[in-house]
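**Student:** here is a sequence with its predicted model. Questions after.
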Amino acid sequence: MGRTKLYLDDDIPSHSKRVWRLFAAKPQALIGLWGVVILLLLSCFGPYIAPYAAEYQDQSALLMPPSWSNQGAVSHFLGTDDLGRDIFSRLLHGAQYTFGVALLVVISALFAGVIIGSISGMMRGLKSSILGHLLDALLSIPSLLMAILVVAVTGPGLSNVFWAVGISLTPQFVRSIHQTVHDELQKEYVTAATLDGANPLQIFWYVIMPNVWDTVIIQTTLAMSAAILDIAALGFLNLGAQAPMPEWGSMIMQGLDNFLFAPWTVTIPGISILLSVLAVNLVGDGLRSALAPMRN
């Protein structure tokens, strides 16, 4: 016989559960989350499920339209380009160069930004003021322009794009975390922890950082969409991934010559970039809405 509960305990959800419930209450946020998950899977397994190699050329199917056209074929679902390369296969291969590289760039910029921003945010006085103004000056330069300047010095190529976009995004993380940590230092509970005898390291890790992670998460989603656009833009300008690498921005650039009579060579990679950025932004908007009540 089961034990009867005489007292009903209130089910108080944890912080993460409350955030998830508020996030899941928005259907568009869940759609964006599924989109991001699919992009992650394609970045990892896209080359293995692609029907053709990225460089495979079918000379009998030059500029073949997508399969829903009368001149199309199911064997080339999204059509081919001017060299007979399957666009669907190149999109699957290119997911790791556009979305995958963007994810690695954001993780690297996040790691550097958390370290530098946390150290600078704990500073006081003149050093903190000088660093704050320096970060404001760096943020006045658009991330794409800064990435172009770095690539102009280091040379084109996907590896150089990694460092260029990472360098351009790091000041955003540093500034956001610096300002959040600096603001948290002014709160009364930090003063109370100091009076209780906590050292600066304990105050930073146990008192300040739990209130900084929300800002870090939101800034990461913003940086992710910016990284995708910057990598694609550099590829389109022929400063990023070089042919025949199937990076989505580079695919748009390679299809411009045939745009008038083969528009699918440009529109399909462009739609892929659009949907990727839209999925990330939907997740970011859902997280901002879910975390806003927690910060109030």
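**Tutor:** Arrived safely.
**Student:** L22 and L287 touch, don't they?
**Tutor:** No. Assessed by Cβ atoms under 8 Å, L22 is found out of contact with L287, at 9.4 Å. For every residue, glycine as well, the C-beta is placed using N, CA and C.
**Student:** pLDDT below threshold where in the stretch 51-200 of the chain?
**Tutor:** Within the stretch 51-200 of the chain, the ranges that satisfy pLDDT under 70 run 125-128.
**Student:** for it, just list every one of the helices.
**Tutor:** 87-95, 101-121, 126-139, 143-154, 158-184, 188-195, 200-202 (DSSP state H, counting those that start in this stretch).
**Student:** where is the longest helix in this structure?
**Tutor:** Looking across the chain with DSSP state H, the single longest helix is helix 264-295.
**Student:** more crowded one of L22 and L287?
**Tutor:** More crowded of L22 and L287, by other Cβ atoms under 10 Å: L287, with 22 against 18.
**Student:** so who does the more buried one touch?
**Tutor:** By Cβ atoms under 8 Å, 6 or more residues apart in numbering, L287 lies in contact with 19, 23, 29, 217-218, 221.
**Student:** same question, Q242
**Tutor:** 156-158, 250.
**Student:** output the host helix or strand of L229 as CSV, nothing but the C-alphas.
**Tutor:** Assigned by DSSP states H and E, L229 belongs to helix 213-236. Output in CSV follows, covering the C-alpha atoms of helix 213-236 (Å, rounded to 0.1, in the frame of the first residue of the first chain):
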residue,chain,number,x,y,z
TRP,A,213,25.3,34.0,-18.1
ASP,A,214,22.0,35.3,-19.4
THR,A,215,23.8,38.2,-21.2
VAL,A,216,26.4,35.7,-22.5
ILE,A,217,23.7,33.5,-24.0
ILE,A,218,21.9,36.4,-25.7
GLN,A,219,25.1,37.9,-27.1
THR,A,220,26.1,34.5,-28.5
THR,A,221,22.9,34.2,-30.6
LEU,A,222,23.4,37.7,-31.9
ALA,A,223,27.0,37.0,-32.8
MET,A,224,26.1,33.7,-34.5
SER,A,225,23.8,35.4,-37.0
ALA,A,226,26.5,38.1,-37.6
ALA,A,227,29.2,35.4,-38.1
ILE,A,228,27.0,33.6,-40.7
LEU,A,229,26.4,36.8,-42.7
ASP,A,230,30.1,37.9,-42.4
ILE,A,231,31.5,34.5,-43.7
ALA,A,232,28.9,34.4,-46.5
ALA,A,233,29.7,38.1,-47.4
LEU,A,234,33.4,37.5,-47.5
GLY,A,235,32.9,34.4,-49.7
PHE,A,236,30.7,36.5,-52.0
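**Student:** what helices or strands is it leaning on?
**Tutor:** Other helices and strands packing on helix 213-236, by 3 or more Cβ pairs under 8 Å, 6 or more residues apart in numbering; DSSP states H and E, are helix 101-121, helix 143-154, helix 158-184, helix 248-255, helix 264-295.
**Student:** format those as CSV; extra columns: distance to P51.
**Tutor:** CSV is the format used below for the helices and strands packed on helix 213-236 (distance: least, Cβ to Cβ, whole Å):
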stretch, distance to P51
helix 101-121, 23
helix 143-154, 33
helix 158-184, 24
helix 248-255, 17
helix 264-295, 15
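**Student:** most tightly packed of the ones you listed?
**Tutor:** Sort the helices and strands packed on helix 213-236 by mean neighbour count, taking mean count of other Cβ atoms under 10 Å, and helix 248-255 sits at the top with a mean of 25.
**Student:** can you list contacts of it?
**Tutor:** Outside helix 248-255, the residues that reach it (Cβ under 8 Å, 6+ apart) are 81-82, 87, 90-91, 94, 97-98, 231-238, 240-243, 262, 265-266, 269-270, 272-273.
**Student:** repeat for stretch 90-97
**Tutor:** Counting by Cβ under 8 Å, 6+ apart, 39, 42-44, 46-47, 49-50, 53-54, 78, 81, 158, 231, 241, 245-248, 251, 268-269, 272 sit against stretch 90-97.
**Student:** ok, now how distant is I208 from D183?
**Tutor:** Using Cβ to Cβ, to the nearest Å, we find I208 at a distance of 10 Å from D183.
**Student:** what touches both of these two?
**Tutor:** In contact with both I208 and D183: no residue, using Cβ under 8 Å, 6+ apart.
**Student:** ok, so of the contacts of L287, who is nearest G35?
**Tutor:** Nearest to G35 among these: A29, at 10.6 Å, using Cβ to Cβ.
**Student:** contacts only, for the closest one.
**Tutor:** 23, 282-283, 285-287, 289-290.
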